[in-house]
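Engineer: This is the structure alone, sequence omitted:
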């Protein structure tokens with residue numbers, strides 16, 4: 001069991017939950033089908049903790065992940081869904097958010113994260129936005145885009 005799965009159980013008891021990969025992908029698939037049927041939009045934000053080379057060797061990862069989670073809890077709508085797909089970060093599924101609304105949420109998250117000491121702990125936080133149907137017309141395309149961004153993540157890409 002990884003750290004994000006452990007956090008999922010802890011957060012669930014506190015009324016807030018980071019969904020594991022299987023449940024997040026299931027709900028994403030349902031939301032994509034709903035968006036297709038009712039011609040709505042979905043935005044997905046990928047918030048990733050990127051370690052600085054040779055700084056700390058990831059020893060502050062859990063503390064940074066907890067801070068990231070707390071900031072997101074304060075900024076997310078009740079309808080937003082927070083999950084993990086095995087990355088060094090989190091995905092936020094924003095139902096009914098078009099590109100503009102997703103961009104506003106991304107900007108709000110970035111501004112909220114600016115006040116925290118991630119850099120002092122050896123990490124940077126990148127935030128990437130994807131939107132249905134602009135960046136993919138099905139669940140697979142959206143996840144593929146997120147994973148490609150993760151692989152190429154050397155800075156902020158949108």
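Structural biologist: Now that the structure is in, tell me what you want to look at. Source: prediction; values computed, not measured.
Engineer: how about the helices in the chain?
Structural biologist: All helices of the chain, identified by DSSP state H, fall at 3-13, 21-38, 61-75, 99-113, 139-151.
Engineer: Show the pLDDT at the most centrally placed residue in the chain.
Structural biologist: With distances taken as CA atoms, centre = their mean, the residue of the chain nearest its centroid is residue 91 (2.1 Å). The per-residue pLDDT reported for residue 91 equals 91.
Engineer: ditto for residue 57
Structural biologist: In this model, residue 57 is scored at 58, pLDDT.
Engineer: where in the protein is pLDDT low?
Structural biologist: By pLDDT under 70, the low-scoring segments of the chain are 1-16, 54-58, 87, 150-158.
Engineer: run the last query once more with 80
Structural biologist: Where the chain drops to pLDDT under 80, the residues are 1-17, 53-59, 85-87, 147, 149-158.
Engineer: quick one: the residue nearest to the centre of the chain and residue 59, what's the gap?
Structural biologist: From residue 91 across to residue 59, the span is 24 Å (CB to CB, to the nearest Å). C-beta coordinates here come from the backbone N, C-alpha and C atoms, glycine included.
Engineer: Residue 128 too?
Structural biologist: Separation of residue 128 from residue 59 (CB to CB) stands at 25 Å.
Engineer: now swap in residue 105 and tell me
Structural biologist: According to CB to CB, residue 105 and residue 59 sit 30 Å apart.
Engineer: Of the two, which one has the most company?
Structural biologist: residue 105 (21 against 11; other CB atoms under 10 Å).
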